[in-house]
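[1] please work out how this folds:
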Amino acid sequence: QVRLVESGGGHVQAGGSLRLSCIISPPIFDRYAMGWFRQAPGKEREFVAAISWSGGVTYEDSVKGRFTISRDNAESTVYLQMTNLKPEDTAVYYCARDSGQFGVEHKVPSLYNYWGQGTQVTVSS
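    As a prediction, the model looks like this:
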């Protein structure tokens, strides 16, 4: 059974930073693209960032230059470093694993078939 567990969320002031982590088990990790998504109250889940199995990355436009996705295959962990946080970044953040092996960095949620439980990020002004 594949399991993803996020951590690192919290409450910060605007301009602050957080680093989210997502560990996946069992650790058949390096073959899969991973993504981060977020969902604010009353809104649909939206793409934030993704990283392919080979390290290619892509970001949603509003987080470019502020967020960095990375992966540590040895630790079966994907990270989302968030800097210069804004109140509009407030949401529950989810990590997800690609449904297929050796894929590119997908932006579409339906292409991911395993999801974590989410971690809350709250940014106050």
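[2] so for stretch 80-99, mean pLDDT?
    Per-region confidence: stretch 80-99 scores 97 on mean pLDDT.
[3] ok now it, how far from the chain's centre?
    Per C-alpha atoms, centre = their mean, to the nearest Å, the displacement of stretch 80-99 from the mean C-alpha position of its chain is 6 Å.
[4] put the alpha carbons of that stretch into CSV.
    Once non-C-alpha atoms are left out, stretch 80-99 reads as follows in CSV (Å, rounded to 0.1, in the frame of the first residue of the first chain):
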residue,chain,number,x,y,z
LEU,A,80,8.6,22.3,-1.3
GLN,A,81,10.6,25.2,-0.1
MET,A,82,8.3,28.3,0.1
THR,A,83,9.7,31.8,0.5
ASN,A,84,8.2,35.3,0.5
LEU,A,85,4.9,33.8,1.4
LYS,A,86,1.7,35.8,0.7
PRO,A,87,-1.8,35.6,2.3
GLU,A,88,-3.1,34.1,-1.0
ASP,A,89,-0.8,31.1,-0.5
THR,A,90,-3.0,30.1,2.4
ALA,A,91,-4.3,26.6,1.7
VAL,A,92,-4.1,22.9,2.5
TYR,A,93,-1.1,21.6,0.6
TYR,A,94,-1.0,18.1,-0.8
CYS,A,95,1.7,16.0,-2.3
ALA,A,96,0.9,13.4,-5.0
ARG,A,97,2.6,10.6,-6.9
ASP,A,98,2.4,10.1,-10.6
SER,A,99,0.3,7.2,-11.7
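[5] show me what the strand ranked longest in the chain is packed against.
    Under DSSP state E, the strand in the chain containing the largest number of residues is strand 91-101. Based on contacts counted as 3 or more C-beta pairs under 8 Å, 6 or more residues apart in numbering; DSSP states H and E, the elements that strand 91-101 packs against are strand 3-7, strand 18-25, strand 32-39, strand 77-82, strand 112-115, strand 119-124. To be clear about C-beta, it is placed using only N, CA and C from the backbone, and glycine gets the same treatment.
[6] now that strand against strand 119-124, angle please.
    140 degrees (axes from the mean of the first three to the mean of the last three C-alpha atoms, to 10 degrees).
[7] any chance you could list what contacts strand 91-101?
    Judged by C-beta atoms under 8 Å, 6 or more residues apart in numbering, the contacts made with strand 91-101 from elsewhere in the structure are 2, 4, 6, 9, 20, 22, 24, 31-40, 43, 45, 48, 53, 78, 80, 106, 109, 111-121.
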